[in-house]
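> 3D model of this:
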Amino acid sequence: SVESAAAAGASGELESSPASGTTAEDTAEGGTSAGTTAENAAASETAASEISEEKEQKPKEVIDVVMIGTVGGGAVEIFPTEEDAQARIEYLRFFEGSLMDPGAFDVEKTCVIRASKYLDAVEQKELIEKIREELLATDE
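As a prediction, this is how the structure comes out:
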């Protein structure tokens, strides 16, 4: 059952898989491929691990820049219309000076360019201008 398979894995009682001859320990150490996992599933395994054998693995701590937002430095928010971008600016203005201060921001057509509240005023202005220049740059 799923419960007994999970309990065996949690307690360290690792059994060999009848379909592949690999152990759960091998699986945990990256010893099986997606193909072996598929074989296990076909043999009615109750637990499986999907492990990639690629040499390049994601780091254990994946940093999501979207979740970090402007705290990570800056952000560009893109809207369908200029009116939507202006509405976002008005919304951000509501939080200026509060505990949820959005930092510096400006609008360029349908884009809202933001800089972290943790940068000083000069750094904020420079970052927003640099982002604006890159947004408007064209390849010649």
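
> break the chain into its domains for me.
Using automatic domain parsing, the domain parsing of the chain gives 2-42, 65-136.

> mean pLDDT lowest for which of those?
For the domains of the chain, the weakest mean pLDDT is recorded on domain 2-42, namely a mean of 44.

> tell me, how many residues neighbour residue 102?
Per other C-beta atoms under 10 Å, the neighbour tally for residue 102 reads 22. For glycine as for every other residue, the C-beta is placed from the backbone atoms N, C-alpha and C.

> over to residue 136?
Taking other C-beta under 10 Å as the criterion, the count of residues near residue 136 is 10.

> gap between it and residue 90?
Plainly put, residue 136 is 23 Å away from residue 90 if you go by C-beta to C-beta, to the nearest Å.

> what does the helix ranked longest in the chain rub up against?
Among the segments of the chain that qualify as a helix by DSSP state H, the longest is helix 121-136. Under the contact criterion C-beta atoms under 8 Å, 6 or more residues apart in numbering, helix 121-136 has outside partners 73-74, 76, 103-106, 108, 111, 113-116, 119.

> export those as a markdown table, with columns for distance to residue 127.
Shown next, in a markdown table, are the contacts of helix 121-136 (distance: C-beta to C-beta, whole Å):
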| residue | distance to residue 127 |
| --- | --- |
| 73 | 7 |
| 74 | 5 |
| 76 | 11 |
| 103 | 10 |
| 104 | 8 |
| 105 | 11 |
| 106 | 11 |
| 108 | 13 |
| 111 | 14 |
| 113 | 8 |
| 114 | 9 |
| 115 | 4 |
| 116 | 8 |
| 119 | 7 |
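
> where do the strands of this protein begin and end?
In the chain, the segments counted as strands under DSSP state E are 74-78, 104-108, 111-115.
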